[in-house]
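[1] 3D model of this:
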Amino acid sequence: MIIIISELCNKYYSKRYSCILSLRSKLNVMNAKFNDIINGNVLVLVDFYADWCGPCKMMSPILQEVKADLKDSVKIIKVNVDQHQDLASHFMVRGVPTLMLFKTGKMLWRQSGVLSARDLTSIVNQHLN
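    Below is the predicted model of the structure:
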């Protein structure tokens, strides 16, 4: 399963209460959830993408193939840079797609552009302990 960070935030709040919550509190929860995920002991591959980006659309099936190959040895999350500009800014994302690999809160690898599933799987495998 590939997690889309906006969906993670929406699952945290029930629809009944979402209209009451401010956008700022939703962003704070989303940022906290993102930080919880990347600070874990499992490798986390983050795909910063945009809906309007052609190369980003090419990455979706590639990421699904990587997840199928690596199973639970890696979490894959997608962050829409238009919806989460604060995260994109924090990680200095200037182009999409930008991929980052984290473990215990440390960025282990970063690259912008489309990669093949084989290359991406190889990169993740290099960081598995």
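[2] point to the helix or strand of this protein where mean pLDDT is at its lowest.
    helix 15-18 (a mean of 42; mean pLDDT, DSSP states H and E).
[3] how many neighbouring residues does residue 67 have?
    Neighbour count for residue 67, taken as other C-beta atoms under 10 Å: 19. All C-beta spots, glycine's among them, are computed from the backbone N, C-alpha and C.
[4] ditto for the one 4 residues further on
    Number of residues near residue 71 (other C-beta under 10 Å) recorded here: 7.
[5] kindly report the same for residue 108.
    Other residues close to residue 108 by other C-beta under 10 Å number 16.
[6] how close does it sit to residue 36?
    18 Å (C-beta to C-beta, to the nearest Å).
[7] ok, now residue 94?
    26 Å.
[8] which residues in the chain form helices?
    5-12, 15-18, 23-38, 54-70, 85-90, 117-126 (DSSP state H).
[9] report all helices and strands that the fifth one contacts.
    Applying 3 or more C-beta pairs under 8 Å, 6 or more residues apart in numbering; DSSP states H and E, one finds that helix 85-90 makes contact with helix 23-38.
[10] rewinding a little: weakest of the helices of the chain by average pLDDT?
    Comparing mean pLDDT across the helices of the chain, the weakest is helix 15-18, with a mean of 42.
[11] buried ones in stretch 113-123, by neighbour count?
    Using 16 or more other C-beta atoms under 10 Å as the test for burial, stretch 113-123 gives 114-115, 117, 120-121, 123.
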